[in-house]
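Asker: give me coordinates for this.
(chains A, B, C and D)
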4 protein chains.
Amino acid sequence: MSGNTFGTLFTLTTFGESHGVALGGVVDGCPPGLPVTEALIQKELDRRKPGQGGPAATARKEPDAVRLLSGVFEGQTTGTPIGFVIENTDQRSRDYSKIKDIYRPGHADVTFDAKFGQRDYRGGGRSSGRETVARVAGGAIAQELLRTAGIHVQAGSIELGGIPAAGRDFGGALARPFFSADADAVAAWEDRVQQVKAEGDTVGGVVEIRASGVPAGLGEPVFDKLDARLAYALMGVGAVKAVEIGSGRQAARMLGSENNDQMTPDGSVSNNAGGILGGISSGEEIVVRVTVKPIPSIAKEQRTINSKGQAVTITVGGRHDICAIPRIVPVLRAMTLLTLADLLLLQRRMGK
Amino acid sequence: MSGNTFGTLFTLTTFGESHGVALGGVVDGCPPGLPVTEALIQKELDRRKPGQGGPAATARKEPDAVRLLSGVFEGQTTGTPIGFVIENTDQRSRDYSKIKDIYRPGHADVTFDAKFGQRDYRGGGRSSGRETVARVAGGAIAQELLRTAGIHVQAGSIELGGIPAAGRDFGGALARPFFSADADAVAAWEDRVQQVKAEGDTVGGVVEIRASGVPAGLGEPVFDKLDARLAYALMGVGAVKAVEIGSGRQAARMLGSENNDQMTPDGSVSNNAGGILGGISSGEEIVVRVTVKPIPSIAKEQRTINSKGQAVTITVGGRHDICAIPRIVPVLRAMTLLTLADLLLLQRRMGK
Amino acid sequence: MSGNTFGTLFTLTTFGESHGVALGGVVDGCPPGLPVTEALIQKELDRRKPGQGGPAATARKEPDAVRLLSGVFEGQTTGTPIGFVIENTDQRSRDYSKIKDIYRPGHADVTFDAKFGQRDYRGGGRSSGRETVARVAGGAIAQELLRTAGIHVQAGSIELGGIPAAGRDFGGALARPFFSADADAVAAWEDRVQQVKAEGDTVGGVVEIRASGVPAGLGEPVFDKLDARLAYALMGVGAVKAVEIGSGRQAARMLGSENNDQMTPDGSVSNNAGGILGGISSGEEIVVRVTVKPIPSIAKEQRTINSKGQAVTITVGGRHDICAIPRIVPVLRAMTLLTLADLLLLQRRMGK
Amino acid sequence: MSGNTFGTLFTLTTFGESHGVALGGVVDGCPPGLPVTEALIQKELDRRKPGQGGPAATARKEPDAVRLLSGVFEGQTTGTPIGFVIENTDQRSRDYSKIKDIYRPGHADVTFDAKFGQRDYRGGGRSSGRETVARVAGGAIAQELLRTAGIHVQAGSIELGGIPAAGRDFGGALARPFFSADADAVAAWEDRVQQVKAEGDTVGGVVEIRASGVPAGLGEPVFDKLDARLAYALMGVGAVKAVEIGSGRQAARMLGSENNDQMTPDGSVSNNAGGILGGISSGEEIVVRVTVKPIPSIAKEQRTINSKGQAVTITVGGRHDICAIPRIVPVLRAMTLLTLADLLLLQRRMGK
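Answerer: Residues are numbered from 1 along each chain as shown, chains lettered A, B, ... in the order given. Predicted coordinates for the structure are as follows:
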């Protein structure tokens, strides 16, 4: 209830700072009998490693090796909580004086201090994107549960630096630079990243997530609608500024006759609902889009304040990403997996 | 945990179907000593009444009279749960055979049946927009708590039927047709509604919500970020297809240097963050935008299926709204009030 | 999370003060298709009515008529929240000045004031035993769910005023004075009550609850053990001072070889575990005992303090019970039903 | 919600099996600025180590060295989740064939299999008392929070093997064998343990917990009463069969005039309420008693069944405790600390 546990029945509790001893988590409520191994989780973690997803990524190297501590016996989940840790191996001493007392624009420095009266300022601490490693590990376990129900989740980037992708091939996305949903978009995106990097600036983008095989009936009216839970899950990832379901932002400009998905015995003729009606999955593909803001750490000089409220300027150097897109895609996918796993178990209470 | 309770410390549990005996709710966790009366709640309920907000509204007349049952003594909250009911007075016998076995496109008929194996089909039952009356009542109580903390929430429509409003005057919005944030937009919107109505169609729009006076520090990293909780709260309102924070959807096309809000001793020079950094309020104004889809009940003939999965056509007549905008504005405002009240109480655990 | 919602999946939220407008509640998470009617709930409510259960009961007459507001359609639950109210009809004007500013010994007057800074002092307000009417209504609905799973809960008093009952016939308990588990104990208990009443004093007792047909597997290690959840549920009823499972308090004096229930292919040879091992139901009968303190409202003069902290004396007259036993039995039974219903739904997530 | 997270605002999530890789937990919601170190937690862990508390303890040696992974920076809590692990160092290969397929009487073997369809049978797995190491670690952190509020919790054994202690000196209990509340009782208890051990049997006992300095106002009516939460917390510890508050089991035999605590300006003249009225702390000392059953692992031959349901006999040898008392005292104390810390933070929402 203090913000570090996600879910109702299939829950993930996470902990860890970017430069602390370790990050990790506990998955509780996972049914027994699922094949879960360190290798299976590691495979997902490797996708969000620095260096994956093309030239937008930072040079920082973290092995991010996961270690399972409990809840798995003889290669299968037992139904008891699954504890795991990822040690922080790259904690070499550094000079943090620049951000210890100066609030970086677009960062959580100022708000963590306001909330807690203090913070672990090394590399962002708990507000670092590094926190998401535990989400990805939890999502890998959720994926095994969903697999038994025939549910599959794909994700890919569809816009970067203002350049939209034309195609939608989510099946191949995880193998492409930027986890792009369109192979043809990659070259332009790489150019854009190099150009912006040279300017000491950063870019944002858009990620789309698709879930297929979701049975009709997931989602709890009225507050825990499937779309509400997805919006909560995805907006809770750092850097996300918008969440859209199906026709999303476009729905404001459509007529009812355009936006309605007429139905036939063979399925809906369109999917503006994004697979969700009244907050409950309809059996159609779930479609969600997420807007990712540009990385706030830029090399350009910016005006800001220090912890005494005085005006200063800051230039954030270091080995930072130009775009969050490649690294955030596995995280958004993981949050979708966790959300669906939870709602799947909730629906089972119906006894069907 | 089954979707009808909202919040952690300041909670609202709701019940009721559109054509059942009554709708109502229970607010739990409200601190004692707040001045809460039926009149105070009624004032907010009257804003979402049919007939408010201009020509887009339905002709159905519901007094929506709230009755307080508990938790208030001698005009003040006591700290015990506040129960309330709104009786359904307009339940005259009607012919529901058309929607009993036929799934209306864009409605939750098909998914409620899939989830529960049955549904109260009269007027949408629990999936009816009428469910939101209890949210507005709960929001009115939350507002009294927030008032003591100097927090104020305003909301208004900024786009309708594809026509954006130029101005932003949220202070006057509740007094205008469509709860418009711009008096100059009203005439064009009225024309648009009349035109679409004549075509037997419906329109959507965009609502913006502003919260001022929010102290820095609200929101719980990592999963219960303020923006995540707002997204959950607002996406959980029927007809909402997108939620944006601050620069929102535009952030995808901005450079880091554009999207970052540089800070000075006098405050931020921009507010692309929408008042939230790292999921925690910064003290700046909270800015959220919500996309509302066009009403799915249209007079035009549509293809659909019945409960046996057979192809049929449907024409939804009756006294339906053309646009959800006027009636949804008080609801979105209420959900924002409930979210902030909950996070305000959560932050108090810090003992500050 | 503020104490007025019970359960995780099958939840009951209650509201209401003893002399407010109405008491009531919301059952959320109840599966669809259960036959629930006002008559069915009324039958259980009538068992806790003043006048039931013999001469220990107060003379106050409340019809306690329940009204269903939602969640039931054509005689069956729909899966949506079930709202209900019981109006307070016996609110005649009275003189509460005696307890408005004076704290009754053994009552919650002093602690409600300490917690909330104020209270609805009429008849105890929210701390009144009358609050339990909503628990009994919720339990009646839970009972319908459990019935479909073959689970039955019985309860009866086994000790009153220091006089233990020799027999154990829970099947007949609800039809006997004091809801006694032993017809032969009734006469002695009636004598005891009359004697104590004449002295202006009150008595306590012990209630035993038995649940049969509970399948093995209910209860969630480690914190949400079945026995932990039962202890929580029952200790949360006013006047309860002890909860015992199986051999209970006696286990402290037994050897391991005596307390262990040896197992055979035909079942356990004893049931000191009370049907629970490691916090999980074993398939044996669940056995729980609850100690109920004597009613604190006595006619004898007592020393106490007023709200200014000054020494005063008090004599609590009025139409009070001599023993809580008869009225508390249906309440303890209801809490057991609610607990089992919740854990039954939780176990269903296993997909079995 | 699957049983491995305790609390609402100050939460502890635990994981780990007795012979898995490690046990551990996550404390979430702990306010910032508290002095928390590994040494501070280790001190509490050492109290539940095998070998502590006199001759009733097993010979198994576990260093139980705690390692803090997050949430503490420069010696102080930061307000972010505190992750910790205790590695299992004593996992030497052993022959578990005896308990792999045979259900030990009085143990959770049979119910874990019934619930999950499988279990980690090595040394009891998740049902092992070893699970409690994470509770004690969490309790040590809770203690630091309570210390800032002037709340202190003591615990000691008051009965063992049927022999009650006459004295009550909880201040010295942690330094005595069996954590006895009475130095004079120790010799008789040691004799009793040696005698029972020679017979291949085991004994139970009673532990009393006292909390002083608890401000009036903690506890949430109606379901989350302080006594209900304590009963839940303590009954959730393995081997506990009864929980009593204040006069407890004796209340059944007392008159109202005896059980009521009359009040004076200098405090109550007795404390049969155990410091709790109407589920809310009164400011008096909190008094709770817990009955602990005899250890079910006995050397005597017992009848039982195997996983095929066939009749077999079992003799449980090995290095087992004779009485759970010494090791369970720090665990019961920890659960009380966790409960009070949670309710303390909950009460802070009142803004006082």
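Asker: residues touching the lowest-mean-pLDDT helix or strand in chain A, excluding its own?
Answerer: Taking mean pLDDT, DSSP states H and E as the measure, the helix or strand of chain A with the lowest value is helix A:97-100, at a mean of 76. Contacts to helix A:97-100, defined as CB atoms under 8 Å, 6 or more residues apart in numbering or on different chains, come from residues A:109, A:121, A:314. The C-beta positions use only the backbone N, C-alpha and C, and glycine is treated the same way.
Asker: same check on stretch A:117-129?
Answerer: Contact partners of stretch A:117-129, identified using CB under 8 Å, 6+ apart, comprise A:16-20, A:94, A:96, A:99-100, A:107-109, A:112-113, A:130, A:238-239, A:324, A:327-328, B:221-222, B:278, B:350, B:352, D:32-33, D:70, D:73, D:76, D:78-80.
Asker: how about that stretch, which residues are buried there?
Answerer: By neighbour count on 16 or more other CB atoms under 10 Å in any protein chain shown, the buried set for stretch A:117-129 is A:118-129.
Asker: and which of these is nearest residue D:282?
Answerer: Here the nearest of those to residue D:282, counting by CB to CB, is residue A:118; it sits at 35.4 Å.
Asker: is that closest one in a helix, a strand, or coil?
Answerer: The assignment at residue A:118 comes out as coil when based on DSSP: H, G, I helix; E, B strand; the rest coil.
Asker: pLDDT wise, what is it at?
Answerer: Here the pLDDT value assigned to residue A:118 is 87.
Asker: then the one 3 residues further on?
Answerer: At residue A:121, the model reports a pLDDT of 88.
Asker: show me what the helix ranked longest in chain A is packed against.
Answerer: The helix that spans the most residues within chain A, counting by DSSP state H, is helix A:325-348. Helix A:325-348 sits against strand A:5-6, helix A:38-47, helix A:133-148, strand A:152-160, strand A:205-212, helix A:226-235, strand A:286-292, with contacts defined as 3 or more CB pairs under 8 Å, 6 or more residues apart in numbering or on different chains; DSSP states H and E.
Asker: tell me the most buried of those?
Answerer: Scoring those by mean neighbour count under mean count of other CB atoms under 10 Å in any protein chain shown gives helix A:226-235 as the most buried, with a mean of 29.
Asker: quick one: that one near chain B?
Answerer: Yes - between helix A:226-235 and chain B, judged by CB under 8 Å from any CB of the partner chain, the touching residues are A:227-235.
Asker: with pLDDT as extra columns, can I get those residues in TSV?
Answerer: Rendered in TSV, the data for these read as follows (pLDDT from 0 to 100):
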residue	pLDDT
A:227	98
A:228	98
A:229	98
A:230	98
A:231	98
A:232	98
A:233	98
A:234	98
A:235	98
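Asker: whichever residue of the stretch 201-350 of chain A sits closest to chain B - how many residues pack around it?
Answerer: Nearest to chain B in the stretch 201-350 of chain A, going by CB to the nearest CB, is residue A:278, at a distance of 2.3 Å. Residue A:278 has 27 neighbours, counted by other CB atoms under 10 Å in any protein chain shown.
Asker: so what's it closest to, chain neighbours aside?
Answerer: Nearest non-adjacent residue to residue A:278, counting by CB to CB, 6 or more residues apart in numbering or on different chains: residue B:108, 2.3 Å away.
Asker: from chain C, how far off is residue A:182?
Answerer: Counting by CB to the nearest CB, to the nearest Å, the separation of residue A:182 from chain C is 38 Å.
Asker: contacts only, for that residue.
Answerer: A:158, A:165-169.
Asker: just name the closest of those to chain B, please.
Answerer: Here the nearest of the contacts of residue A:182 to chain B, counting by CB to the nearest CB, is residue A:158; it sits at 9.7 Å.
Asker: A strand includes residue A:105, no?
Answerer: No - under three-state DSSP, residue A:105 sits outside any strand and is assigned coil.
Asker: for the residue of chain A positioned farthest from its centre, what are its contacts?
Answerer: For chain A, the largest distance from the centre (CA atoms, centre = their mean) belongs to residue A:265, which lies 35.4 Å off. Counting by CB under 8 Å, 6+ apart, residue A:265 touches B:305, B:309-311.
Asker: which ones among those residues are found in strands?
Answerer: Cross-referencing these with the strands (criterion: DSSP state E) gives B:305, B:311 as the overlap.
Asker: ok, which pair from the contacts of residue A:265 is furthest apart?
Answerer: Of all pairs drawn from those, the one with the largest separation by CB to CB is B:309 and B:311; the distance is 8.6 Å.
Asker: residues in contact with the nearest residue to residue A:148 once chain neighbours are set aside?
Answerer: Distances taken as CB to CB, 6+ apart place residue A:34 nearest to residue A:148, at 7.1 Å, with adjacent residues excluded. When contacts are counted by CB under 8 Å, 6+ apart, residue A:34 is found next to A:76-77, A:141, A:144-145, A:148.
Asker: quick one on the thing from earlier: surely the residue of the stretch 201-350 of chain A closest to chain B and residue A:225 touch.
Answerer: Yes - when contacts are counted by CB atoms under 8 Å, residue A:278 is listed as touching residue A:225 (7.4 Å).
Asker: near chain B, which residues of the stretch 1-150 of chain A?
Answerer: Residues of the stretch 1-150 of chain A lying close to chain B by CB under 8 Å from any CB are A:1-6, A:8, A:14, A:103, A:105-108, A:110-112, A:114-117, A:126-127, A:131.
Asker: are any of the residues you listed buried, and if so which?
Answerer: Members of the residues of the stretch 1-150 of chain A next to chain B that pass the buried threshold by neighbour count (16+ other CB under 10 Å) are listed as A:1-6, A:8, A:14, A:103, A:105-108, A:110-112, A:114-116, A:126-127, A:131.
Asker: surely residue A:218 meets residue A:340?
Answerer: Yes - in this structure, residue A:218 sits in contact with residue A:340. The criterion is CB under 8 Å, and the distance is 6.9 Å.
Asker: dihedrals phi and psi, the residue of the stretch 201-350 of chain A closest to chain B?
Answerer: Residue A:278 adopts backbone torsions of phi 60, psi 20, taken as degrees, to the nearest 10.
Asker: surely residue A:313 is in a strand?
Answerer: Yes - according to three-state DSSP, the state of residue A:313 is that of a strand.
Asker: list the residues that contact the closest residue to it other than its chain neighbours.
Answerer: The shortest distance from residue A:313 to any non-neighbouring residue, by CB to CB, 6+ apart, is to residue A:301 (5.2 Å). Going by CB under 8 Å, 6+ apart, residue A:301 touches A:313-315.
Asker: of those, closest to chain D?
Answerer: Comparing those against chain D with CB to the nearest CB places residue A:314 closest, at 22.1 Å.
Asker: pretty sure the closest one sits against residue A:302.
Answerer: Yes - counting by CB under 8 Å, a contact exists between residue A:314 and residue A:302, whose distance comes to 5.6 Å.
Asker: what do these two both touch?
Answerer: Residues touching both residue A:314 and residue A:302 (CB under 8 Å, 6+ apart): residue A:105.
Asker: remind me which residues of chain A are low pLDDT?
Answerer: A:1, A:50-62, A:90-95, A:317-319, A:352 (pLDDT under 70).
Asker: what parts of it come near chain C?
Answerer: Taking CB under 8 Å from any CB as the contact definition, chain A meets chain C at A:1, A:8-9, A:29, A:31-32, A:79-80, A:221, A:345-346, A:348-351.
Asker: so which of those residues sit within helices?
Answerer: A:345-346, A:348.
Asker: weed out the non-buried ones from those residues.
Answerer: Buried members of these, counted by 16+ other CB under 10 Å: A:345-346, A:348.
Asker: and which of the residues you listed is nearest to residue C:202?
Answerer: Of all these, residue A:346 has the smallest distance to residue C:202: 45.7 Å, by CB to CB.
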